[in-house]
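K.L.:
structure for the following, please:
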Amino acid sequence: MPNKKVFSLFFLIFNVAVFAQKKIKTDFKYKVTYSLQYTLDSTQLDSGKSEYMVLFLGDDFSSFSSRAKLFKNSVVVKGNTASTSNESITAFPAVILKNPKENYLAYTLQIVDDYFYYEQPSNLFDWKIHDEIKDIKGYAAQKATTTYSGRDYIAWFTTDIPISDGPFKFNGLPGLIIEISDTQNHYSFTLYAFEKLEPPVSFTINLKQYVLTTKEKLLEVQYRYRQDPFTYANNPNVKITPEVHQAYIKAFTEMLEKENNPIEKD
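P.N.:
Alright, predicted model coming up:
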């Protein structure tokens with residue numbers, strides 16, 4: 001039986017090309033930290049979790065990821081990339097790159113030693129701006145609402161920070177989004193800290209090292225890896241019996257079935 005990892009890579013490469021032209025280089029001047037409260041299991045809404053997410057902002061590009069991801073990102077944070085502490089564990093392993101000026105968004109994901117990404121226009125949101133104002137951590141924040149991927153959202157942005165960006169894929173308002181939540185409060189981002197980076201942090205990513213794919217195909221491969229990481233990684237140093245292997249697959253499948261409430265429903 002062919003190795004599932006090889007099949008997955010062949011499937012992706014056969015259907016799409018490696019996009020060899022995009023090399024992103026910028027200096028990040030600001031760092032925005034958000035506290036994210038989320039619920040992955042819609043059948044247990046009282047079992048919410050939380051973690052910190054980070055948005056780096058430059059003149060042209062921004063980068064959004066979990067703070068835990070930064071512990072493994074040698075470009076931004078140098079240190080023990082093999083860390084398995086609680087601070088390096090995340091339910092959101094992707095890095096999202098945005099350039100609203102060019103209407104460009106790249107969702108990047110590393111799976112073991114493989115690198116993938118898909119592209120979207122960044123203007124995904126049809127915002128309605130309201131007159132309501134409130135104070136959030138000393139910033140005058142204005143209300144805006146939108147619908148995206150099966151969820152209705154209430155956002156609060158501030159023109160005190162005139163940067164048209166925000167957490168996750170959100171952007172397109174006249175100022176920085178400092179708070180946003182879906183109306184069911186399954187996913188809620190709240191500003192934790194905003195800081196100017198002095199000196200700025202250099203950032204470079206070469207997407208020619210990534211396989212360009214689609215959102216649907218990337219989710220398929222990610223699911224296959226998380227359901228059976230032993231087969232995907234194909235590490236000869238890991239020795240398990242077929243019985244133990246099947247027990248792991250069963251346990252991982254049950255875990256994935258409980259993750260029935262992703263931030264993007266479609």
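
K.L.:
buried residues, the strand or helix carrying residue 37. List them.
P.N.:
Residue 37 is located in strand 23-38, with elements delineated by DSSP states H and E. Neighbour-count burial for strand 23-38 flags 24, 26, 28-32, 34-36, 38 (criterion: 16 or more other CB atoms under 10 Å). Glycine gets a C-beta too; all of them are placed from N, C-alpha and C.

K.L.:
can I get those in TSV including pLDDT?
P.N.:
TSV is the format used below for those (pLDDT from 0 to 100):
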residue	pLDDT
24	88
26	92
28	96
29	97
30	97
31	97
32	98
34	98
35	97
36	97
38	96
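
K.L.:
looks to me like residue 248 is in a helix.
P.N.:
Yes. Under the criterion used here (DSSP: H, G, I helix; E, B strand; the rest coil), residue 248 sits inside a helix.

K.L.:
which residues does it contact?
P.N.:
Applying CB atoms under 8 Å, 6 or more residues apart in numbering, one finds that residue 248 lies in contact with 228, 230, 240.

K.L.:
rounded mean pLDDT for the next helix or strand after the strand holding residue 37, please.
P.N.:
Toward the C-terminal end, the helix or strand that comes next after strand 23-38 (DSSP H and E) is strand 49-58. Averaging pLDDT along strand 49-58 yields 96.

K.L.:
if we can go back for a sec, which one of the buried residues of strand 23-38 is nearest residue 175?
P.N.:
Nearest to residue 175, judged by CB to CB, of the buried residues of strand 23-38 is residue 32 at 12.1 Å.

K.L.:
which residues touch the closest one?
P.N.:
Contacts of residue 32 (CB under 8 Å, 6+ apart): 54-57, 167, 176, 178, 191, 193-194.

K.L.:
at 7 Å instead, please
P.N.:
Neighbour list for residue 32: 55, 57, 176, 194 [criterion: CB atoms under 7 Å, 6 or more residues apart in numbering].

K.L.:
kindly report the same for residue 195.
P.N.:
Counting by CB under 7 Å, 6+ apart, the residues that residue 195 touches are 30-31.

K.L.:
can you tell me the element it falls in?
P.N.:
strand 187-206.

K.L.:
which strands border that strand, and is each parallel or antiparallel?
P.N.:
Paired with strand 187-206 in the same sheet, following DSSP bridges, are strand 23-38 (antiparallel), strand 176-182 (antiparallel).

K.L.:
next, count neighbours for residue 244.
P.N.:
Residue 244 is flanked by 11 other residues according to other CB atoms under 10 Å.

K.L.:
neighbouring strands - and their directions - for whichever strand or helix holds residue 143?
P.N.:
Per DSSP H and E, residue 143 falls inside strand 139-148. Strands flanking strand 139-148 in the sheet, each with its direction: strand 128-136 (antiparallel), strand 151-158 (antiparallel) (DSSP bridges).
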